[in-house]
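Asker: model this:
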Amino acid sequence: MAAEATVEREELVPRGRWRQWYELLAIMTVAQLKARYRRSFLGFLWSLIMPLFQIVVIGFVFQGLLQHRIPNYTMVFLTALVPWIYFNDAMLASCPVFLRFRDVVKKIYFPRWALPMSIVSSSFVHFLLSVVILFAVFAAVRVRFTPAFWAFIPMTLMLTVMLAGLSLIFSTLHTYYQDVEYVLTAFTRMLFFVTPVMYPTAQIPEHYRFWFLFNPLAAICEGYRSVLPGYELPSTVHLLSAAGFSVVMLLIGILVYRRMNPQLPEVL
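Answerer: Numbers count the residues shown, from 1 in each chain. As a prediction, this is how the structure comes out:
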């Protein structure tokens, strides 16, 4: 009986801890969402207005000024823009999170990883809202539902795992080296143009296309775009490469955080 009781206690403690962590992350996610739109009249609508504004501007440049005729360009652009905004917002917002909450980190002991993870989870909420709008647009323009729509699930999982790892890496490193935020901002701006967001991969010369899709974000964006008629999922090699990159980033993020976490309050 004692042995059974010991086993039961050993099983219940981790479950209780996971529940506490889940509740903490949920509370911090809600707090991040409220803080983001505090004293904002439109609130969550800004997460929908900004993508639409980018579509109007870039659509005017590509189709109005440059006369670049990509069939159904608005849908081609919007389908890849939604995951890109999720990536961009989560990355840039999570980078300085420990510095923003330095007083809390220095005075209260809690699982500090919840801070960058709450940024990712709050960005994920905005992403889901954008996906709802995207699906409404699909229905309005009569994009036929096909099994390709299930690609949204693995693509979103890969992107979220990647962001979890990258947010741990950059938020931790930025606490020690505050140049990280500037480098990351410049890098994401450059990455936007070498990722097929404004254009499909079909516009890349064929002899570069295979190597181009080893950019994990390129494979993920094209994966989302595969729901549109005339577009296909990237090859298995490229999808596995993107999935492997996401997992590796998560593992590196955990290692970096665990190594540097004990000194965070002192550095802050």
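Asker: Number of residues surrounding Asp119?
Answerer: Careful, residue 119 is Ile; it's not Asp. Neighbourhood size, Ile119 [other CB atoms under 10 Å]: 27. The way it works is simple: take the backbone N, C-alpha and C, and place the C-beta from them, glycine included.
Asker: Which SSE is immediately downstream of the one helix or strand it maps to?
Answerer: Using DSSP states H and E, Ile119 maps to helix 114-140. Next in sequence after helix 114-140, counting helices and strands by DSSP H and E, comes helix 152-176.
Asker: Please compute how far that following helix lies from its chain's middle.
Answerer: Taking CA atoms, centre = their mean, to the nearest Å, one finds helix 152-176 lying 7 Å from the centre of the chain it belongs to.
Asker: Can you give me the buried ones in the next helix or strand after it?
Answerer: Where DSSP H and E defines the elements, the next helix or strand beyond helix 152-176 is helix 180-193. Using 16 or more other CB atoms under 10 Å as the test for burial, helix 180-193 gives Val180, Glu181, Leu184, Leu191.
Asker: Tell me what angle helix 180-193 forms with helix 152-176.
Answerer: Relative orientation of helix 180-193 versus helix 152-176 (axes from the mean of the first three to the mean of the last three CA atoms, to 10 degrees): 150 degrees.
Asker: Mind checking the pLDDT average for helix 180-193?
Answerer: Averaging pLDDT along helix 180-193 yields 92.
Asker: CA atoms only for it - export them in CSV, please.
Answerer: Provided in CSV are the C-alpha atoms of helix 180-193 (Å, rounded to 0.1, in the frame of the first residue of the first chain):
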residue,chain,number,x,y,z
VAL,A,180,20.1,41.8,-30.0
GLU,A,181,16.8,43.7,-30.5
TYR,A,182,18.3,46.0,-33.1
VAL,A,183,20.0,43.1,-35.0
LEU,A,184,16.7,41.1,-34.8
THR,A,185,14.7,44.0,-36.2
ALA,A,186,17.0,44.5,-39.1
PHE,A,187,17.1,40.7,-39.8
THR,A,188,13.3,40.3,-39.8
ARG,A,189,13.0,43.2,-42.3
MET,A,190,15.4,41.5,-44.6
LEU,A,191,13.8,38.1,-44.1
PHE,A,192,10.5,39.5,-45.2
PHE,A,193,11.8,40.1,-48.7
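Asker: where's that helix relative to the chain centroid, distance-wise?
Answerer: 15 Å.
Asker: Just give me how far whichever helix or strand comes after that helix sits from the chain centre.
Answerer: Remark: after helix 180-193, the chain's next helix or strand is helix 206-212, criterion DSSP H and E. Computed by CA atoms, centre = their mean, the chain-centroid distance of helix 206-212 equals 25 Å.
Asker: Direction-wise, compare the helix or strand just after helix 206-212 with helix 180-193 and give the angle.
Answerer: The first helix or strand that comes after helix 206-212 along the chain, using DSSP H and E, is helix 216-225. Interaxial angle of helix 216-225 relative to helix 180-193 (the same axes, to 10 degrees): 50 degrees.
Asker: on that earlier part again, out of the buried residues of helix 180-193, who's nearest Pro111?
Answerer: Set against Pro111, the nearest of the buried residues of helix 180-193 by CB to CB is Val180 (21.9 Å).
Asker: Report the contact partners of that closest one.
Answerer: Cys95, Phe170, Leu173, His174 (CB atoms under 8 Å, 6 or more residues apart in numbering).
Asker: Would you point out the most distant pair within the residues you listed?
Answerer: Cys95 and Leu173 (8.6 Å).
Asker: The two: who's more crowded?
Answerer: Neighbour count, other CB under 10 Å: between Cys95 and Leu173, Cys95 has more, with 28 against 19.
Asker: can I assume the more buried one is in contact with Ser171?
Answerer: Yes: here Cys95 reaches Ser171: they are 5.8 Å apart, a contact under CB atoms under 8 Å.
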